[in-house]
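*Asks:* with the input below, show me the fold.
(one chain, ligands or ions: 1)
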Amino acid sequence: MSLPKRVVLVGPMGAGKSTIGRMLAKELGYRFLDSDRIIEERCGANIPWIFDVEGEEGFRQRETAMLEELASEAKTVLATGGGAVMRPENRQLLKQDAVVVYLKTSIEQQVERTRKDRNRPLLQNDDPEAVLRKLFSIRDPLYSQLADITMHTDRKSPRLVVRQLVNRMKPRTPRHKRQVRKEGRNHV
Ligand code: S3P
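*Replies:* Residues are numbered from 1 along each chain as shown. Now for the predicted structure:
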């Protein structure tokens, strides 16, 4: 695989898309774009406020409009929100000229990483774990279908995930190439 025009990160809440995306962009010399943060900047309000005032549907419309704009940017690493894969038109946009990476994460890790978070409206209820399980059952097949690379992130530091991704995207030396072959074609 040669260096892609752009990289798109998909996966559930708590997968590490923003942290890994920022580091990966630096490593590749690409610009980092975080769809949720740009929606917040443009709107002048945070995601809980958008959900409150406009409902989830209002947020989804903003998300699609944002992806339409961001999905044509070359030399970028784009971190998407966990629900971005739900709309077929978003999936179409995301895969254009891109290598799509699914950051696959166990429910336990998602629960752990989102435990204290107040910025994710879908998890502000009595049983966030049940919500994460339900979302996983619906979305995991969509993430998997869309992805060119599925990368497991459990028990790995962001630095290791980034190194493995870079190896997959630009296997420069014979040692790299052997390592990539060893790690398997689609699953790392
Ligand atoms: C959502 C995930 C969030 C954010 C919004 C909805 C979802 O992004 O887009 O709260 O539907 O899973 P992260 O995956 O970055 O937390």
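
*Asks:* note down every partner strand of the top strand by length along the chain and its orientation.
*Replies:* Of all segments of type strand in the chain, defined using DSSP state E, the longest is strand 98-104. Applying DSSP bridges, strand 98-104 is found paired with strand 6-10 (parallel), strand 149-152 (parallel).

*Asks:* tell me how far it is from the chain's mean position?
*Replies:* 7 Å (CA atoms, centre = their mean, to the nearest Å).

*Asks:* rewinding a little: quick one, which of the strands paired with strand 98-104 is packed in tightest?
*Replies:* strand 6-10 (a mean of 27; mean count of other CB atoms under 10 Å). Just so you know, the C-beta spots here come from the backbone N, C-alpha and C atoms, and that holds for glycine as well.

*Asks:* so for it, mean pLDDT?
*Replies:* Strand 6-10 shows a mean pLDDT of 97.

*Asks:* who touches residue 12 in this structure?
*Replies:* 82, 105, 110, 132, 135, 136, 139, 143 (CB atoms under 8 Å, 6 or more residues apart in numbering).

*Asks:* that's a strand at it, yeah?
*Replies:* No. Secondary structure of residue 12 (DSSP: H, G, I helix; E, B strand; the rest coil): coil, not part of a strand.
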